[in-house]
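In: just need the structure, nothing else, for what follows:
(2 chains)
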Amino acid sequence: MRRRQPRYYGLMAEFDSPTAIVAATRRAYAEGYRRMDAYTPFPVEGLAEEMHFHRTRVPLIVLLGGLAGCLGGYFLQYWIAAIYWPLNIAGRPLNSWPMFIPVTFELTVLAAALSALLGMLALNGLPHPYHPVFNVPRFALASQDRFFLCVEASDPRFDRVATRDFLESLSPREVIDVES
Amino acid sequence: MAPMATDEQPPRVVNREPDIPPVIGPGHNFASITDKISSIALTRRTPPGWVAGFALAFLLVLMLGFAVGYLLIRGVGIWGINIPVAWGFAIVNFVWWIGIGHAGTLISAILLLLNQKWRTSINRFAEAMTLFAVACAGMFPLLHLGRPWLFYWLFPYPNIMNVQPQFRSPLVWDVFAVSTYFTVSLVFWFVGLMPDLATLRDRARSRAGRIIYGMLAMGWRGSARHWKRYEVAYLLLAGLATPLVVSVHTVVSFDFTIAILPGWHSTIFPPYFVAGAIFSGFAMVLTIAVPLRKFYGLEDFITLRHLDNCGKVMLATGLIVAYGYMCEIFLSWYSKDKFEWFMTRNRIFGPYWMVFWSVMLLNVAAAQLLWSRRVRRSPAALFLVSLAINAGMWVERYMIVVTSLTRDFMPSAWGQYAATVWDYAVFVGTIGFFAAMMFLFVRFLPAISISEMRTLLPQAEVKEEEEEAPA
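Out: Model (predicted):
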């Protein structure tokens, strides 16, 4: 049985300015397209929101990472100082918690920062060396001075002709087929 | 009462300083910024000045390798350290380098949170400066261990010796503080670099460039969803790095304050060390920025506004440091502790009097030149002041370490300290290492954040009124 694989990835429209890409994304969303993405050389304010992408789980991951670092860091010191290698120095308490604060703090920050990096990469699906959008030669400008909107062929409303007509109506510089 | 602004016009921003230079030169667009910054890294022709500078720095790296090799063979006895000064240059250089790193994190994290747009063109190389400075700093405690190859004993790990670090010691805190600081700075720097690495990947003409930058960029394609998560992560990293800046030098100052030595055992040390760190760090930022903008023609991106602001931060932190000196002297007199008061008089008039007065001249007097706007807007003058402060902050750490240790309590336990040629070789060698790394960084990576510079342009704003299309 033949697997249903779209022959191409989608259609990509190229724009000149952040204002144009935001307007185009808004129109495309209003038109009913959902499986699409905008590609810009710098973070354009409000662009993700136009695709109704509002919340990310990065802060939650960082919070959990920080808590793990905090608890783990304290437990590490408590276990070493009070259980594994207790040193009785003039009867001072083994669980001398004020002395454990600096390392607990450092490990909290360390774990939270690493979770920010790894969480962001994981949610973004990076590293991702190959992606169909890279097949478009002009897409190299997406990291320089151009703004691209790509409607993917997997979108239920996608139709090669109608979608192309729609994208042309947004007055882009060019509409390009993206091969898969 | 002044009438409230009721019309839809935004209130006009009154520019109280009409001649304030802009954060970016006029006439730039997305393409020109991209081209200007990325071409430094992507050009095939290495400028002869770069080659000469790197060669000089690399000679010093070779000297460092030689000095460290000899140290490993003979042991730390080749340094000037002994009892009572068992720390010497190693701790002086450690504190100095760590302090220099602090400005990078301050610029990249704290100024980001404070929404200071002028940070944008200097944050990238300031962060690189942080990384290399912390790498230099880290060498000294390791080499001072005596058996540096056993450095991993500093970390808690399951071992058959059944011993573990003493977590009540500030020296163990230092291990965690410095390694966390280095790691978080590296993460922050790399996250900031990712979009620019993608730019270099897309612009590189050589196959090697495309492959290497491509692997480092990890397939970044500038998706709006990715940018959203990226910005959240970057902001959170800035929030995490902010307390870290304060904590690292605080922990470093604990190395001193937790000891009972006169001149060290003082609660003013943490804030005074943090201010000194930022003071010296901004001096190093200027020491790098002034030649960098001149040599690569980056005057449009690193404008007089940046130099002016760095000068102001240096002046402010320099005044805090000067206040710290005064406070130390006052409190040692006010405490009526005879050892403290003796230490103060010994520091000012004793055998190391030149050290004390150099600190006053370089850190306190030279910094006062920054009150003048003409000095703050003259690259050459700023460069000279920054060199003076770099030197001054090093001498300050020498003063703190050596004058306290050489004459503490019992005269029978007093001693003198003088560095040997090997001390100087390692110290100058790390300066060479730092310079060589900066040269490589400027040559192969974008020294200014390209994606963030683009957002400074007026074109980067999304204009709402243009898209009021009737439905």
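In: tell me who's in contact with B:I348.
Out: Contacts for B:I348 (Cβ atoms under 8 Å, 6 or more residues apart in numbering or on different chains) come out as B:F356. (Glycine included, C-beta is placed from N, CA and C.)
In: downstream of the helix or strand encompassing it, the next helix or strand is which one?
Out: In this assignment (DSSP states H and E), B:I348 forms part of helix B:338-349. Going down the chain from helix B:338-349, the next helix or strand is helix B:353-359, by DSSP H and E.
In: in that following helix, what counts as buried?
Out: Neighbour-count burial for helix B:353-359 flags B:355-356, B:358-359 (criterion: 16 or more other Cβ atoms under 10 Å in any protein chain shown).
In: for B:F427, see how far away B:G415 is.
Out: As judged by Cβ to Cβ, to the nearest Å, B:G415 and B:F427 stand 21 Å apart.
In: ok, those two, which is more surrounded?
Out: Neighbours per residue, other Cβ atoms under 10 Å in any protein chain shown: of B:G415 and B:F427, the larger number sits with B:F427, 22 against 12.
In: residues contacting the more buried one?
Out: If you count contacts by Cβ under 8 Å, 6+ apart, B:F427 has them with B:89, B:93.
In: tell me which element it falls in.
Out: Per DSSP H and E: helix B:421-444 holds B:F427.
In: with adjacent residues omitted, what lies nearest to the residue nearest the centre of chain A?
Out: For chain A, the residue nearest the mean C-alpha position is A:N124 (3.4 Å; Cα atoms, centre = their mean). Sequence neighbours aside, B:H226 is the residue nearest to A:N124 in space, at 4.6 Å (criterion: Cβ to Cβ, 6 or more residues apart in numbering or on different chains).
In: next, the one you found: phi, psi?
Out: Per-residue torsions, B:H226: phi -60, psi -40 (degrees, to the nearest 10).
In: right, and it touches A:A122 too?
Out: No: using Cβ atoms under 8 Å, B:H226 is not in contact with A:A122; the gap is 11.9 Å.
In: show me which of the two is the more surrounded one.
Out: Applying other Cβ under 10 Å to B:H226 and A:A122 shows that B:H226 carries more neighbours, namely 26 against 14.
In: which of the residues in the top helix by length along chain A are buried?
Out: In chain A, assigned by DSSP state H, the helix with the most residues is helix A:97-124. For helix A:97-124, burial by neighbour count (16+ other Cβ under 10 Å) applies to A:99-100, A:102-117, A:119-121, A:123-124.
In: what mean pLDDT does the helix holding B:I348 have?
Out: Averaging pLDDT along helix B:338-349 gives 94.
In: packing partners of the strand ranked longest in chain A?
Out: Secondary structure assigned by DSSP state E gives strand A:8-15 as the longest strand of chain A. If contacts are counted by 3 or more Cβ pairs under 8 Å, 6 or more residues apart in numbering or on different chains; DSSP states H and E, strand A:8-15 sits against helix A:18-30, strand A:147-152, helix A:160-169, strand A:174-179.
In: one more time with 10 Å
Out: With contacts taken as 3 or more Cβ pairs under 10 Å, 6 or more residues apart in numbering or on different chains; DSSP states H and E, strand A:8-15 sits against helix A:18-30, strand A:36-39, strand A:147-152, helix A:160-169, strand A:174-179.
In: strands paired with it, and their directions?
Out: Strand A:8-15 has the following strand partners under DSSP bridges: strand A:147-152 (antiparallel), strand A:174-179 (antiparallel).
In: redo those strands as JSON lines? Include mean neighbour count and mean pLDDT.
Out: Below are these laid out as JSON lines (neighbours: other Cβ atoms under 10 Å in any protein chain shown; pLDDT from 0 to 100):
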{"stretch": "strand A:147-152", "mean neighbour count": "27", "mean pLDDT": "90"}
{"stretch": "strand A:174-179", "mean neighbour count": "17", "mean pLDDT": "86"}
